[in-house]
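**Student:** how does the following fold in three dimensions:
(2 chains)
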Amino acid sequence: DQQVKQNSPSLSVQEGRISILNCDYTNSMFDYFLWYKKYPAEGPTFLISISSIKDKNEDGRFTVFLNKSAKHLSLHIVPSQPGDSAVYFCAAPGFGNEKLTFGTGTRLTIIP
Amino acid sequence: DAGVIQSPRHEVTEMGQEVTLRCKPISGHNSLFWYRQTMMRGLELLIYFNNNVPIDDSGMPEDRFSAKMPNASFSTLKIQPSEPRDSAVYFCASSGHRGRFEKLFFGSGTQLSVL
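**Tutor:** Sure, this is the predicted structure:
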């Protein structure tokens, strides 16, 4: 069973517009969330994270929002740039250990 | 730092053959993870080690899969015998394990194709 779900396998956005990537989770005990970005033929790299004590975390063009009541988080990229074209994974760590559970990923394509 | 190094980058083999994937973690990192990426299931954790000791192998799909970490700078993931459904990208990652929220550093992966 997927405890972290990304229901949109792909998303296309015009350059300069906002990209919104969504992630849902089922386990209300998750207390920390991370986003990773993956280019073709490379491993995922850490992008941004958020603790459950916050509802927003911002880093430059990237902002992650957390809605605990809805068990939903989203990654906003503003403005979107061609270099943002990649697969984005959301993830959450386990309890008392380092296991990261990943979603299935969303492929973002920025259209010039 | 060279980052996490995986070899080979690509592996093509025939069903029934033994496959060995290799990983060198970042120097000083004491946790190592093996993940498998497929279209259907995304990134799945297969096994992870802490200080060279396997901590959780509940993600290993079946007995055909085995992993070892003989020392802090080397790990292998072996599939014997391999099957076409094992075709996927296998990633190794390491972390410094200063706490639960320590981010992972991934290698570039091994693309495995079993014919």
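**Student:** return the residues of chain B in contact with chain A.
**Tutor:** By the rule C-beta under 8 Å from any C-beta of the partner chain, the part of chain B lying against chain A is B:4, B:31, B:33, B:35, B:39-45, B:48, B:50, B:55-56, B:91, B:93, B:95, B:97, B:100-109. From N, CA and C alone the C-beta is placed, and that goes for glycine too.
**Student:** show me which of those residues are buried.
**Tutor:** Buried members of those, scored by 16 or more other C-beta atoms under 10 Å in any protein chain shown, are B:4, B:31, B:33, B:35, B:42-45, B:48, B:50, B:56, B:91, B:93, B:95, B:102-109.
**Student:** from residue A:16, how far out is the closest residue to chain A within chain B?
**Tutor:** Per C-beta to the nearest C-beta, residue B:106 is where chain B lies closest to chain A, at 3.0 Å. Counting by C-beta to C-beta, to the nearest Å, the gap between residue B:106 and residue A:16 amounts to 30 Å.
**Student:** ditto for residue B:62
**Tutor:** For residue B:62, the distance to residue A:16 - C-beta to C-beta - is 48 Å.
**Student:** if you count surrounding residues, which of the two has more?
**Tutor:** With neighbours defined as other C-beta atoms under 10 Å in any protein chain shown, residue B:62 and residue A:16 compare such that residue A:16 has more, 11 against 8.
**Student:** that one reaches residue A:80, doesn't it?
**Tutor:** Yes - applying C-beta atoms under 8 Å, one finds residue A:16 in contact with residue A:80, separated by 6.6 Å.
**Student:** which residues touch residue 80?
**Tutor:** Reading this off chain A. A:13, A:14, A:15, A:16, A:17, A:18, A:19, A:108, A:110 (C-beta atoms under 8 Å, 6 or more residues apart in numbering or on different chains).
**Student:** was after chain B, sorry
**Tutor:** Residue B:80 neighbours (C-beta under 8 Å, 6+ apart): B:18, B:19, B:64, B:66.
**Student:** pretty sure the last one is touching residue B:47, no?
**Tutor:** Right, residue B:66. No - counting by C-beta under 8 Å, residue B:66 does not reach residue B:47; the two are 9.0 Å apart.
**Student:** list residues touching both of the two?
**Tutor:** B:60, B:77.
**Student:** who has more neighbours, those two?
**Tutor:** residue B:47 (22 against 14).
**Student:** any idea how far the nearest residue to the more buried one once chain neighbours are set aside lies from residue B:20?
**Tutor:** Distances taken as C-beta to C-beta, 6 or more residues apart in numbering or on different chains put residue B:57 closest to residue B:47, at 4.3 Å, once the chain neighbours are dropped. Note on residue B:57: its distance to residue B:20, by C-beta to C-beta, is 17 Å.
**Student:** thinking again about what came up before, among the contacts of residue A:80, the buried ones, what's the PyMOL command?
**Tutor:** Selecting only the buried entries of the contacts of residue A:80 in PyMOL, with 16+ other C-beta under 10 Å as the criterion:
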select buried, chain A and resi 13+19+108+110
